[in-house]
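> have a look at this fold, sequence not included:
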C-alpha cells in the first residue's frame, strides 16, 4: 500500500514537472546561442514560436514565453547584424509584454540602425 502511494506521488510529480515542447526548444536555442551557433539558435527559437502560436488557448505564462521567444530571436538576429529582423522581433515582444527590457532593446536597436545608416 505504501509502495503504491509512493508510486502515485512519483507519477504526479513526474507529470507536473515535464516541460513543454516550446520550453525545451527555448532551452536548446539558448544553449546554441551560448555556443555561438546562431543559425541553430534561430531555428530552435522559431520552433518554440511555432509551438506557442499553434496552441489554441494561451495562458499568461504562454504569452510571457512567446514574448521571451521574440526577445531571444531579436538578440540573436542583432548578434548576426540582421537589424531589421531584430527590430521586428523586439517589437513583437514589446507588443505582447510592454516591459522595460523590451523597450530598452528597441531603443538600442534604433540607435544601431541610425549609426549603420550614417
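Here it is on my side, so go on. Note that the structure is predicted; figures quoted are calculated from it, not measured.
> which SS class is the residue nearest the centre of the chain?
Central residue of the chain (CA atoms, centre = their mean): residue 69, 2.0 Å from the mean position. Assigned by DSSP: H, G, I helix; E, B strand; the rest coil, the conformation of residue 69 is helix.
> where does the chain have low pLDDT?
Low-confidence regions of the chain, defined by pLDDT under 70, span residues 1-18, 118.
> name the element residue 84 belongs to?
If you go by DSSP states H and E, residue 84 is part of helix 83-96.
> which strands or helices does that helix pack on?
Applying 3 or more CB pairs under 8 Å, 6 or more residues apart in numbering; DSSP states H and E, we find helix 83-96 packed against helix 60-79, helix 100-116. C-beta coordinates here come from the backbone N, C-alpha and C atoms, glycine included.
> name the stretch among these that sits most buried.
helix 60-79 (a mean of 20; mean count of other CB atoms under 10 Å).
> for the closest residue to residue 49 other than its chain neighbours, give its distance to residue 77.
Spatial nearest neighbour of residue 49, excluding adjacent residues (CB to CB, 6 or more residues apart in numbering): residue 69 at 4.9 Å. Counting by CB to CB, to the nearest Å, the separation of residue 69 from residue 77 is 13 Å.
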